[in-house]
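# Need a 3D model of the sequence below.
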Amino acid sequence: MKYVPSPWAIVIFLAFVIAVFVISYYFAKRTRSSEGYFAAGGSIHWSVNGIAFAGDYLSAASFLGICGLIAVAGYDGFLYSIGYLAGWMVALFVVAEPMKRMGKFTFADALDSKFNSRGIRLVAAISTLIVSMFYLIPQMVGAGSLVMPLLGLPHWAGVLMVGAIVIIIVATAGMASTTYVQFLKGTLLVVFTLILVIVIMTRGFSTSPDQGGTVPYHDFKIIEASSSEEAPEIIIQDGSYKILEQWTVSQKTGDLVFAKLLDSSTGFESIWKLNTEEGYLEETLTVTQTGEGQTLYNGGTMDEERFYQVGHMSRIEGETDVETGPVGIFSFFSTIKESTLVRWEKQVISDGEDTINVYYQNPTPGSEVLRPGLVFKVDSDKGATATDKIDFVSLMLALFFGTAALPHILIRYYTVPTPACARKSTIVAIAVIGFFYILTLFVGLGAMTGGVVDITNNNMSAPLLAKSFGIALFAIISAIAFATVLGTVSGLVVASSGAVAHDLMDKFLKIRMSDRGKVFAGKITAVVVGCIAMVLGILFKGMNVSYLVGWAFAVAASANLPAILMILFWKKTTAKGVVSSILVGLISSVTLILLSQKTFNEVYHLSHLHAPVQINNPAIISVPLSFLTLFIVSLITRRSKASNGEINSGELKEAEETAD
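Alright, predicted model coming up:
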């Protein structure tokens with residue numbers, strides 16, 4: 001669909017960017033040491049740090065991705081929120097205070113606090129860089145999505161804009177400016193999302209949502225038609241249309257039949273789906289990649305504006321052509337439960353040298369929208385396979401264990417003065433994040449029923465919903481979302497800078513640098529990482545950002561969490577065990593992701609091939625494998641040390657008895 005920028009939106013956006021630069025400039029003048037650059041001098045108040053934690057976490061995935069998933073998949077999208085929030089329990093009860101006690105600047109500080117191992121420094125730095133890259137991709141994709149409706153710029157321009165601004169922020173002030181940017185945008189994001197929820201419930205529901213009277217909802221046409229097994233050719237009653245071609249696509253749930261029609265009155269060609277039960281063809285939406293490299297939207301260019309926003313209820317509590325008026329918190333969900341919501345599915349069709357993405361209507365009872373199963377197949381009675389169930393469990397494991405292992409989250413524990421402050425920060429973060437995730441359910445369902453969903457880019461569901469209430473709210477929400485991306489990317493780049501300058505160059509390579517030299521090395525790293533993030537953000541255009549973040553969580557949970565937990569709670573852990581665990585976790589998780597069907601479909605664009613790995617999230621394999629590797633290697637290397645006289649058998653037995 002075509003986005004037309006608003007001057008007011010541009011003004012508000014620029015105001016936010018200028019505010020970010022002012023904060024960065026202010027703290028740049030106060031940042032002189034490496035501790036100030038990488039950890040804000042450990043002087044951040046726990047309440048500010050807690051909201052900054054939330055700001056770090058409420059990234060493009062939480063605001064854009066989760067709202068977008070809920071808008072197209074209902075409760076299944078909200079499962080990401082549950083998984084993300086549950087992961088903070090591990091951070092609160094297991095990781096927060098020990099991480100503050102053991103570290104100074106980076107994740108590697110904590111892992112190496114008991115060993116003084118160059119190997120740990122090396123693999124921990126590599127892990128930080130890889131996890132950060134996986135997390136950076138969805139942030140940059142989200143940034144590109146935001147600038148299209150906000151500023152009217154192409155996706156790649158948004159990615160480059162975020163990269164440039166973040167490089168300036170991090171290369172000047174480091175963690176201090178990042179913290180206060182996160183504090184500011186975390187506060188504003190929660191406040192204005194709450195305002196958005198209030199106006200959603202004030203407007204209520206309609207079977208023909210017209211965005212407050214500003215954009216009439218497109219009335220998708222139907223044409224009487226018939227076909228049968230004996231006569232599979234479609235017969236239509238309307239003489240103004242001519243059937244040019246017909247396709248039958250076999251699926252587990254039955255065959256789908258599509259037809260290309262020529263409208264003799266306009267000369268337009270369009271794709272329609274046959275509803276065999278009701279006896280009619282229904283209009284679809286299409287995005288066609290022609291053999292000449294042109295992209296057509298419903299057979300026309302984007303400027304022709306023939307592609308529409310979707311998302312409505314076909315029936316509200318059994319009735320058609322209805323408006324409810326304002327609804328309350330509980331009636332919001334009860335109304336959805338008793339209604340029929342029109343979701344949209346996608347089917348890819350080959351038409352000669354052209355590839356057509358066909359989006360067709362799928363009316364779904366509200367009771368099904370409000371429970372799991374539309375995307376994550378968990379019910380055997382509804383066709384869920386063992387692979388589907390394993391994939392779902394694997395995703396939940398990644399979300400639950402990944403939070404406490406994300407490098408940009410872990411380094412925030414070093415910005416507060418004491419371990420007690422680290423715990424208090426975590427409690428504040430949980431409260432803010434939990435409240436925000438409840439709001440995302442209202443926003444996502446509001447978009448699903450409000451006629452604002454761009455089905456080619458569901459990441460934009462929340463900003464486009466805000467736009468339906470006026471350009472001011474849209475501009476503020478979009479600018480805050482952009483600041484969200486800025487803050488999160490800044491935190492990731494700071495984590496990467498610390499891994500290179502502090503862990504690799506200083507501790508591993510033993511390069512002698514002054515305090516100022518270490519800060520300079522971190523700033524150079526920020527520039528390089530920022531440039532790489534720009535390239536990846538452009539390459540992964542179009543994928544749901546929350547899904548991409550799921551991969552980052554899986555890699556973090558596989559590579560980092562086993563080492564953290566075992567160092568804290570198993571005294572037999574050895575340096576070689578930690579190194580082996582991180583390497584195995586990294587290699588296995590990344591390999592499984594690269595060989596998964598989702599990657600084949602969405603990244604390699606090889607959906608016609610059967611991928612070697614059918615589960616799309618690797619955590620259920622890679623996390624246990626990492627734990628097992630650490631356990632086995634630690635036992636072997638510990639006994640090897642004992643046999644070589646590096647530790648005597650009495651010390652070994654005493655340590656084992658203490659651990660037991």
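
# What ranges does the stretch 401-550 of the chain have for its helices?
407-410, 419-449, 461-467, 471-498, 515-539, 545-559 (DSSP state H, counting those that start in this stretch).

# now these as a markdown table including mean pLDDT, mean neighbour count and distance to Gly267?
To be clear about C-beta, it is placed using only N, CA and C from the backbone, and glycine gets the same treatment. What follows is the helices of the stretch 401-550 of the chain, written out as a markdown table (pLDDT from 0 to 100; neighbours: other Cβ atoms under 10 Å; distance: least, Cβ to Cβ, whole Å):
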| stretch | mean pLDDT | mean neighbour count | distance to Gly267 |
| --- | --- | --- | --- |
| helix 407-410 | 78 | 26 | 54 |
| helix 419-449 | 91 | 22 | 34 |
| helix 461-467 | 90 | 29 | 31 |
| helix 471-498 | 80 | 27 | 36 |
| helix 515-539 | 83 | 19 | 36 |
| helix 545-559 | 83 | 29 | 39 |
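
# So for Leu606, which of these sits nearest?
helix 515-539 (15.1 Å; Cβ to Cβ).

# sorry, back to before: dump the helices of the stretch 401-550 of the chain to TSV, plus distance to Pro216.
Below are those laid out as TSV (distance: least, Cβ to Cβ, whole Å):
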stretch	distance to Pro216
helix 407-410	44
helix 419-449	16
helix 461-467	15
helix 471-498	18
helix 515-539	35
helix 545-559	30
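
# what's the closest of those helices to Glu277?
helix 419-449 (23.9 Å).

# which secondary structure elements does the closest one contact?
Judged by 3 or more Cβ pairs under 8 Å, 6 or more residues apart in numbering; DSSP states H and E, helix 419-449 is in contact with helix 46-57, helix 66-73, helix 75-90, helix 96-102, helix 175-203, helix 329-337, strand 340-351, helix 461-467.

# Between the helices of the stretch 401-550 of the chain, which one is closest to Val257.
It's helix 419-449; of those, that one is closest to Val257 (Cβ to Cβ) at 26.4 Å.

# got the angle between that closest one and helix 329-337?
50 degrees (axes from the mean of the first three to the mean of the last three Cα atoms, to 10 degrees).

# Could you give the separation of helix 419-449 from the chain centroid?
15 Å (Cα atoms, centre = their mean, to the nearest Å).

# now do stretch 409-419
Worked out by Cα atoms, centre = their mean, stretch 409-419 lies 24 Å from the chain centre.

# Extract the CA atoms of that stretch and return them as PDB.
Extracted C-alpha coordinates of stretch 409-419, given in PDB (Å, rounded to 0.1, in the frame of the first residue of the first chain):
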ATOM      1  CA  ILE A 409      20.500  -6.900  29.100                       C
ATOM      2  CA  LEU A 410      23.300  -8.300  31.100                       C
ATOM      3  CA  ILE A 411      25.600  -5.300  30.800                       C
ATOM      4  CA  ARG A 412      22.900  -3.100  32.300                       C
ATOM      5  CA  TYR A 413      23.500  -4.700  35.700                       C
ATOM      6  CA  TYR A 414      26.900  -3.000  35.700                       C
ATOM      7  CA  THR A 415      25.400   0.500  35.400                       C
ATOM      8  CA  VAL A 416      24.000   0.500  39.000                       C
ATOM      9  CA  PRO A 417      26.200   0.800  42.100                       C
ATOM     10  CA  THR A 418      25.300  -2.400  44.100                       C
ATOM     11  CA  PRO A 419      23.900  -5.900  43.700                       C
END
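
# got the buried residues for it?
Using 16 or more other Cβ atoms under 10 Å as the test for burial, stretch 409-419 gives 409-416, 419.

# Reformat those residues as JSON lines; add distance to Leu79.
Below are these laid out as JSON lines (distance: Cβ to Cβ, whole Å):
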{"residue": "Ile409", "distance to Leu79": "20"}
{"residue": "Leu410", "distance to Leu79": "25"}
{"residue": "Ile411", "distance to Leu79": "28"}
{"residue": "Arg412", "distance to Leu79": "26"}
{"residue": "Tyr413", "distance to Leu79": "27"}
{"residue": "Tyr414", "distance to Leu79": "32"}
{"residue": "Thr415", "distance to Leu79": "31"}
{"residue": "Val416", "distance to Leu79": "31"}
{"residue": "Pro419", "distance to Leu79": "33"}
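
# coming back round to it: for the helices of the stretch 401-550 of the chain, which one sits closest to Gly300?
helix 461-467 (20.9 Å).

# Tell me which other helices or strands that closest one touches.
Using 3+ Cβ pairs under 8 Å, 6+ apart, helix 461-467 sits against helix 66-73, helix 118-151, helix 175-203, helix 419-449, helix 471-498.

# For Tyr297, which non-adjacent residue is closest in space?
Phe307 (3.8 Å; Cβ to Cβ, 6 or more residues apart in numbering).

# Quick check, pLDDT for the one you found.
Turning to Phe307, the model gives it a pLDDT of 88.

# Run a quick neighbour tally on it.
Other residues near Phe307 come to 23 when the count uses other Cβ atoms under 10 Å.

# likewise Ala398?
29.

# thought it was touching Asn617?
Yes - the criterion here is Cβ atoms under 8 Å, and Ala398 meets it with Asn617 at 5.5 Å.

# shared neighbours of these two, which are they?
Overlap of the contact sets of Ala398 and Asn617 (by Cβ atoms under 8 Å, 6 or more residues apart in numbering) consists of 550, 554.

# And Leu296, its phi and psi?
phi -120, psi 140 (degrees, to the nearest 10).

# Does the nearest residue to it once chain neighbours are set aside belong to a helix, a strand or coil?
Computed as Cβ to Cβ, 6+ apart, the closest residue to Leu296 that is not its neighbour in sequence is Thr288, at 4.3 Å. Recorded secondary structure, Thr288: strand (DSSP: H, G, I helix; E, B strand; the rest coil).

# ditto for Thr573
Quick answer, by three-state DSSP: Thr573 is coil.

# Can you report how many residues neighbour the closest residue to it other than its chain neighbours?
Sequence neighbours aside, Met566 is the residue nearest to Thr573 in space, at 4.7 Å (criterion: Cβ to Cβ, 6+ apart). Residues lying near Met566 (other Cβ under 10 Å) number 21.

# Report the contact partners of Met566.
573, 577-578, 581, 627, 630-631, 634.

# Between these, which sits nearest Ile223?
Nearest to Ile223 among the contacts of Met566, with distances taken as Cβ to Cβ, is Phe627, at 58.6 Å.

# Asn560 is in contact with that closest one, correct?
No - using Cβ under 8 Å, Phe627 is not in contact with Asn560, being 12.0 Å away.

# okay, the two: which has more neighbours?
Set side by side, Phe627 and Asn560 show more neighbours around Asn560, with 28 against 19, by other Cβ under 10 Å.

# Val358 looks like it's in a helix, true?
No - counting by three-state DSSP, Val358 falls outside a helix, being strand.

# beta partners of it?
Under DSSP bridges, the beta-bridge partners of Val358 are Thr286, Gln347.

# Pull the number of nearby residues for it.
Val358 has 21 nearby residues by other Cβ under 10 Å.

# OK, contacts around it?
Taking Cβ under 8 Å, 6+ apart, one finds 258, 271, 273, 284-286, 346-349 in contact with Val358.

# Kindly reformat the helices and strands packed on helix 419-449 as JSON lines containing distance to Leu153.
Output for these, formatted as JSON lines (distance: least, Cβ to Cβ, whole Å):
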{"stretch": "helix 46-57", "distance to Leu153": "25"}
{"stretch": "helix 66-73", "distance to Leu153": "20"}
{"stretch": "helix 75-90", "distance to Leu153": "27"}
{"stretch": "helix 96-102", "distance to Leu153": "40"}
{"stretch": "helix 175-203", "distance to Leu153": "21"}
{"stretch": "helix 329-337", "distance to Leu153": "35"}
{"stretch": "strand 340-351", "distance to Leu153": "26"}
{"stretch": "helix 461-467", "distance to Leu153": "14"}
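
# Confidence-wise, which of those is weakest overall?
helix 96-102 (a mean of 73).

# helix or strand right after that one?
Per DSSP states H and E, the first helix or strand lying C-terminal to helix 96-102 is helix 107-111.

# between the helices of the stretch 401-550 of the chain, which gets nearest to Leu136?
Closest among the helices of the stretch 401-550 of the chain, using Cβ to Cβ: helix 515-539, at 4.2 Å.

# This completes my enquiry, with thanks.
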